[in-house]
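> give me coordinates for this.
(one chain, ligands or ions: 2)
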Amino acid sequence: MNVVVATSNAGKVREIEEALQGTGWTLSPLGGVPLPEETGATYEENAALKACAAALVSQRPALADDSGLEVEALQGEPGVYSARYGNRDSDMERNVYLLEKLRGQKNRRAKFVSVVILAYPDGHLETYRGELHGTLLEGPRGANGFGYDPLFVPDGETRTLAELTVAEKRAISHRGRALAALQDAHRSGLPEREITPII
Ligand SMILES: O=c1[nH]cnc2c1ncn2[C@@H]1O[C@H](COP(=O)(O)OP(=O)(O)O)[C@@H](O)[C@H]1O
Ligand SMILES: [Mg+2]
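Ligands and ions are numbered 1, 2, ... in the order given. Model prediction:
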């Protein structure tokens, strides 16, 4: 199967390529296809917007991830707005913004959520979800990964996500789990597919 990876986030591309290595699928980059604005209120809606747009334009199956960090002490913020949190332009600035919001806060619990959608040009959608629970540090550690990885220590780990290799992160992460569920569904024959007309 030739699948378009509907993201321009280099960190996600790296993780998706590593996770799907064993599938035998050919993964194609988005190319110049512009992704729609994320106007949805949920990860599911945003992932569907991105995957459907890419599937329609390319006329091939397309895979999109919409994800975010939900912080307990901030009532689930930044959630679906993680990519633009505080209107800051870079991962580093968003990490600084988050640390400021959490200054003096004892409750550092948070979780990552990833929703992966595989959309087909005929309008079929497959949806997979993964979560990763952990705690947020008071300063960044590590240089791997992307986004909020340097602040996040998964439960059962002493290292941040940014101190793990791509394979180590995949084995436990929200995105790794969603992508593993996708592979399981395809290994055991094509899954029941939810039929949602795109147009
Ligand atoms: O695995 C992760 N590690 C660290 N941060 C993540 C991870 N997954 C999602 N995020 C954060 O949530 C945001 C999710 O962004 P979104 O899925 O809307 O679009 P994007 O693909 O344009 O980044 C990321 O930009 C990042 O800040
Ligand atoms: Mg989003």
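> list the contacts for whichever residue of the chain sits closest to ligand 1?
At 2.3 Å from ligand 1, residue 147 is the closest residue in the chain, using CB to the nearest ligand atom. (C-beta placed from N, C-alpha, C; glycine too.) Residue 147 makes contact with 11, 69, 82, 91, 94 under the criterion CB atoms under 8 Å, 6 or more residues apart in numbering.
> what's the closest non-adjacent residue to the first one?
By that I understand residue 11. For residue 11, the nearest residue in space outside its immediate sequence neighbours is residue 146; the separation is 2.9 Å by CB to CB, 6 or more residues apart in numbering.
> how about the contacts made by the one you found?
Residues in contact with residue 146, defined by CB under 8 Å, 6+ apart, are 9-12, 91.
> before we move on, what about residue 2?
By CB under 8 Å, 6+ apart, residue 2 lies in contact with 25-26, 28, 60-61.
> at 7 Å what do you get?
Each residue near residue 2 by CB atoms under 7 Å, 6 or more residues apart in numbering is listed here: 26, 28, 60.
> ok but the second one is inside a helix, no?
So the one you mean is residue 28. No: the secondary structure assignment for residue 28 gives strand rather than a helix, going by DSSP: H, G, I helix; E, B strand; the rest coil.
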